[in-house]
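Colleague: what follows is a predicted protein model with its sequence.
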Amino acid sequence: MAVSAIVVSELEYGPPGADQLFFDVSFRVAAGEHAAIVGANGVGKSTILRILTGQAVADAGEFSIGGSMLCMTQDVGMSRPTDTLREMLIELAPPALRDAGRELVRAEQAMNAGDDDGMAYANALAHWGDLGGYELESQWQAAAQRSIKSEVDDVFTRLVSELSGGERKRLVLDLLLNSGADVLLLDEPDNYLDIPTRQWLEEQLRLCKSTILMVSHDRTLLERCSNKIIAVEGSGCWVHGGSFATFPEARAKRQELLGDDLKRWNEEERRLFHHMKIMKQRAAQNFKNATKANGAETRWEKFVAAGPPPPPVPDQQIYVRLRGADAARRVAQLNGVSMHNLFHPFSDEIYHGERVALIGPNGTGKTHLLKVLSQEMAPTTGEVRFGPRTSVGVFTQINNRPDFLGRECISIVHDRISDTERAMKTLARYGLRNQARQKFETLSGGQKARLEILRLEIEGHNVLLLDEPTDNLDIESSEALEKALDGFEGTVVAVSHDRTFLAQFDRFIMITDAGEVYALPDFDVALRGLQQPQQLASVKLAKRLHE
C-alpha cells in the first residue's frame, strides 16, 4: 500500500496573543492525489499551507511530507514588483538551489557595486552550476516563452513589474506543474488568471503526477481537478473522499448523521471542555500559553451559557440584500468609446435590469472600460452618457479603500446606519459580526470583499459595476452574492473570470487581444469565443460592436 505523501495530525494554531484559529486539523493526502482545502474566509486555509512549508509554526500537532516539495504562495510575484524574473523564480526552487541562487544574486550585486573583486561571485556561480542551476535556468527560459505574450530575451534583467498578474501566475504554475516535484502546495493558483488560462491550468493539473494540496475558490476548477476535499470548519476539519461536484451532497448527509440537536450540542460541549483542560495544563507548564488557555475557557463558557439548542450548522449564514431602485430604461449609452491602444472604438447601450459581463484575456482593457463607466477615467475617444436617476456603485478588484484604513468595521457601517444594533445585524448577515471591532486593514481578502458588497447594499445604488467580485470570496459568500444579484432590481456590469458566476449573466461584451470588441448573446457562445477568439467573426451570433 502506498505511503501517504502528506500526513497532518491534530494541528493547532493561533496568532500570537489571540484565540486559536483551529485546534483539531487532521487529514492525509495519498501519493498522486489532488486534494483541495475549502472553507470560509479567515478559517485558516492558507495558514495550514504556511505551516506545511515552514513559513508558520503550529502551536501543537505534527505533520510529515514524503519526497520533494515545492510551493506557490497566494501573492507570488506581487509583493516585490521591482525584482527580476530570476529573483522571483529563485524563490520557487528546491531549498539547496534557492539558497545558492540567493547567494549568487548577492555576490553579483556586490561585484557590480565594486564591493568584491569577483572571487565570491565566481565561487557562487560554480556552486550554482554544480547544483544544477544552469539546467534550471533553461527551464525558466522555456516556461517564460510559453507563458508570457511578449518576447523574453533574458530572465536575468526582465522585471516582474513588466508582466501582468496573470502572466506571473502562469509562469510560476508552468514551472511547478512540470517540475517533477513529489508534492506541490498551491495557494489560490487560479487568482488573476483569465478563463483560457484557467482552462489551461485545469488541463495541466489533470496531467500532473505530483501529489497536490491546493486552496481555491473556483468552483469549476474544484469540480474538475480535485479528488479529495478537506473542509476546514468548526475549528477542525473533515474529509470528503471525492470531487467538489459531490461535496455539497456529502456535507448535507454528514449533517444528518451527526444526530439530533441535543446530541450535537453535548458532543461539542465535551470537545470544547476537553480542549480547555489541555490548554490549562499547557499554561501551567509555560506562561506563554496563558492567552490561548483563557481564550479556550472563554469559548467553552460562552457555549455552555448559551445552552441548547445546538451550535449553528457549519454553513455560513450570509444574506446579501441588493434592492436597487428604479432608473431610466436606458442606463448608459457608449458612443465610439476606446481606451489608448487596448480596444478599438465601439458603441453600445446598456438597459435597466441587464446583467452584462465584460470578458476576454488579461490585459485587454476590461477594467479600464469599467473605470470609464464609473467615470474614474475618461475614454481616449468617444463618450459615455448616463440616463436620469442613475446611481452607480463600484466594487474594486483589489478592495483598495484608503478611506477605510485605520477604521473599524462597525465605524464604516455607521457611515450609513447610525443605529448600532441595526449596524451589528447587518454585519452579522455578512458573517462579519466577530470582526465588528477589527480594523479594515487587518481583515482577510474575502472579509474585505464582503464589507465592500455590504457598502453597496446600504448605499442603495441601481447600477453596480463589479470588478472580479468573487475573486477573494469563499464559496458560500460567492453563492450568497449570486443569489442577491439574481433578485437585484437594477443593472449589473461585471468583469469576471469565474465561470460559475458568469453563467447567470444575460449577455457578454468580449475584448480580444487584437482590440476587437464583440457582443455575445449567451454564456455558451461566450465560452466558445474565449476558447477560439480567432473564429468569432464566423460565429453568427457574435456581433462586432466597433463596425
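Modeller: Now that the structure is in, tell me what you want to look at.

Colleague: confirm Val7 sits in a helix?
Modeller: No. Counting by DSSP: H, G, I helix; E, B strand; the rest coil, Val7 is not part of a helix but strand.

Colleague: got any ranges where the protein has weak pLDDT?
Modeller: For the chain, residues meeting the criterion pLDDT under 70 lie at 1-4, 17-18, 79, 257-262, 308-328, 397-400, 487, 537-542, 546-547.

Colleague: at 50 instead, please
Modeller: Residues of the chain meeting the criterion pLDDT under 50: 1, 309-314, 326-327.

Colleague: ranges for the strands of the stretch 51-200 of the chain?
Modeller: 60-65, 69-72, 183-187 (DSSP state E, counting those that start in this stretch).

Colleague: let me redo that: the stretch 351-500 of the chain
Modeller: Remark: strands assigned in the stretch 351-500 of the chain by DSSP E, counting those that start in this stretch are 355-359, 381-386, 392-395, 463-467, 491-495.

Colleague: how far does the last one sit from its chain's centre?
Modeller: Strand 491-495 sits 20 Å away from the centroid of its parent chain (Cα atoms, centre = their mean, to the nearest Å).

Colleague: direction included, what does it pair up with?
Modeller: Sheet pairing for strand 491-495, assigned by DSSP bridges, gives strand 355-359 (parallel), strand 463-467 (parallel).

Colleague: and if you look at the second one?
Modeller: Strand pairing for strand 381-386, using DSSP bridges, gives strand 330-339 (antiparallel).

Colleague: mind listing what's buried along the partner strand?
Modeller: Within strand 330-339, the residues that count as buried by 16 or more other Cβ atoms under 10 Å are 331-332, 334, 337-339. In short, each C-beta sits where N, CA and C put it, glycine included.

Colleague: so which of those comes closest to Val172?
Modeller: Val172 lies nearest to Met339 out of the buried residues of strand 330-339, by Cβ to Cβ, at 28.7 Å.

Colleague: let me see the contact set for the closest one.
Modeller: Neighbour list for Met339: 365, 368-369, 372, 377, 379-380 [criterion: Cβ atoms under 8 Å, 6 or more residues apart in numbering].

Colleague: also Gly61?
Modeller: With Cβ under 8 Å, 6+ apart as the criterion, the residues that contact Gly61 are 8-12, 25-26.

Colleague: go on, Gly32?
Modeller: Shown here is Gly32, whose contacts under the criterion Cβ under 8 Å, 6+ apart are 2, 5, 209-211.

Colleague: how about a cut-off of 7 Å?
Modeller: Taking Cβ atoms under 7 Å, 6 or more residues apart in numbering, we find Gly32 in contact with 209, 211.

Colleague: same deal with Gln447?
Modeller: The contact partners of Gln447, by Cβ under 7 Å, 6+ apart, come to 41-42, 432, 435.

Colleague: separate out the buried members of the residues you listed.
Modeller: So, of the contacts of Gln447, 41-42, 432, 435 end up buried under the neighbour-count rule (16+ other Cβ under 10 Å).

Colleague: can I get those in a markdown table with distance to Ile90?
Modeller: Output for the buried ones among the contacts of Gln447, formatted as a markdown table (distance: Cβ to Cβ, whole Å):
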| residue | distance to Ile90 |
| --- | --- |
| Asn41 | 31 |
| Gly42 | 31 |
| Leu432 | 39 |
| Gln435 | 37 |
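
Colleague: for Thr157, which of the strands of the stretch 51-200 of the chain is the nearest?
Modeller: Checking the strands of the stretch 51-200 of the chain against Thr157 by Cβ to Cβ gives strand 69-72 as the closest, at 23.5 Å.

Colleague: for His524, the count of nearby residues, please.
Modeller: Careful, residue 524 is Asp; it's not His. Residues near Asp524, counting by other Cβ atoms under 10 Å, number 11.

Colleague: and it, how far from Ala503?
Modeller: From Asp524 across to Ala503, the span is 9 Å (Cβ to Cβ, to the nearest Å).

Colleague: do the same with Asp153
Modeller: Distance, Asp153 to Ala503, using Cβ to Cβ: 41 Å.

Colleague: so which of those two has more stuff around it?
Modeller: Ala503 (15 against 10).

Colleague: dihedrals phi and psi, the more buried one?
Modeller: For Ala503, the backbone dihedrals are phi -60, psi -20 (criterion: degrees, to the nearest 10).

Colleague: excluding chain neighbours, what is closest to it?
Modeller: For Ala503, ignoring the flanking residues on the chain, the nearest one in space by Cβ to Cβ, 6 or more residues apart in numbering is Phe523 at 5.1 Å.

Colleague: quick check, that neighbour in contact with Asp506.
Modeller: No. With contact defined as Cβ atoms under 7 Å, Phe523 and Asp506 do not form a contacting pair (9.5 Å).

Colleague: of these two, which one has the most company?
Modeller: The residue with more neighbours, out of Phe523 and Asp506, is Phe523; 18 against 14, by other Cβ under 10 Å.

Colleague: dump the residue contacts of Pro196.
Modeller: Contacts for Pro196 were tallied using Cβ under 7 Å, 6+ apart; they are 361, 530-531.

Colleague: in helices, which of the contacts of Met339 fall?
Modeller: Restricting the contacts of Met339 to those inside helices, with DSSP state H as the criterion, leaves 368-369, 372.

Colleague: any chance of those residues in CSV, plus distance to His352 and neighbour count?
Modeller: CSV is the format used below for the ones in helices among the contacts of Met339 (distance: Cβ to Cβ, whole Å; neighbours: other Cβ atoms under 10 Å):
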residue, distance to His352, neighbour count
His368, 24, 21
Leu369, 20, 28
Val372, 20, 21
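
Colleague: looking at the strands paired with strand 491-495, spot the one closest to Thr390.
Modeller: strand 463-467 (5.7 Å).

Colleague: buried residues, the closest one. List them.
Modeller: Buried residues in strand 463-467, counted by 16+ other Cβ under 10 Å: 463-467.

Colleague: what does it rub up against?
Modeller: Strand 463-467 has contacts (Cβ under 7 Å, 6+ apart) with 327, 331, 367, 370, 373-374, 390-397, 456, 490-495.

Colleague: do that again at 8 Å, thanks
Modeller: Residues external to strand 463-467 that are found in contact with it (Cβ under 8 Å, 6+ apart): 322, 327, 331-332, 367, 370, 373-374, 390-397, 456, 485, 488, 490-496.

Colleague: ok and that strand relative to helix 366-373, angle-wise?
Modeller: Using axes from the mean of the first three to the mean of the last three Cα atoms, to 10 degrees, the direction of strand 463-467 lies 150 degrees away from that of helix 366-373.

Colleague: how about the contacts made by the nearest residue to Phe440 once chain neighbours are set aside?
Modeller: Of all residues beyond its chain neighbours, the one nearest Phe440 is Phe404 (4.0 Å), with distances taken as Cβ to Cβ, 6+ apart. Contacts were defined as Cβ under 8 Å, 6+ apart; by that measure Phe404 touches 412, 440-441, 451.

Colleague: ok, Tyr134 next?
Modeller: Shown in contact with Tyr134 (Cβ under 8 Å, 6+ apart): Trp128.

Colleague: ok, it to Gly360 distance?
Modeller: Relative to Gly360, Tyr134 is positioned 38 Å away (criterion: Cβ to Cβ).

Colleague: tell me the residue furthest from the middle of this structure?
Modeller: Of all residues in the chain, Asp117 sits farthest from the chain's C-alpha centroid, using Cα atoms, centre = their mean; the distance is 45.9 Å.

Colleague: need phi/psi at that one.
Modeller: Phi and psi for Asp117, reported as degrees, to the nearest 10, are phi -80, psi 0.

Colleague: number of residues surrounding the closest residue to it other than its chain neighbours?
Modeller: With sequence-adjacent residues excluded and distances taken as Cβ to Cβ, 6+ apart, Asp117 is closest to Met111, at 7.7 Å. Residues contacting Met111 under the criterion other Cβ under 10 Å number 17.

Colleague: again, but for Phe287
Modeller: Burial of Phe287, expressed as a neighbour count using other Cβ under 10 Å, amounts to 9.

Colleague: then Glu441?
Modeller: So Glu441, with other Cβ under 10 Å, has 12 neighbours.
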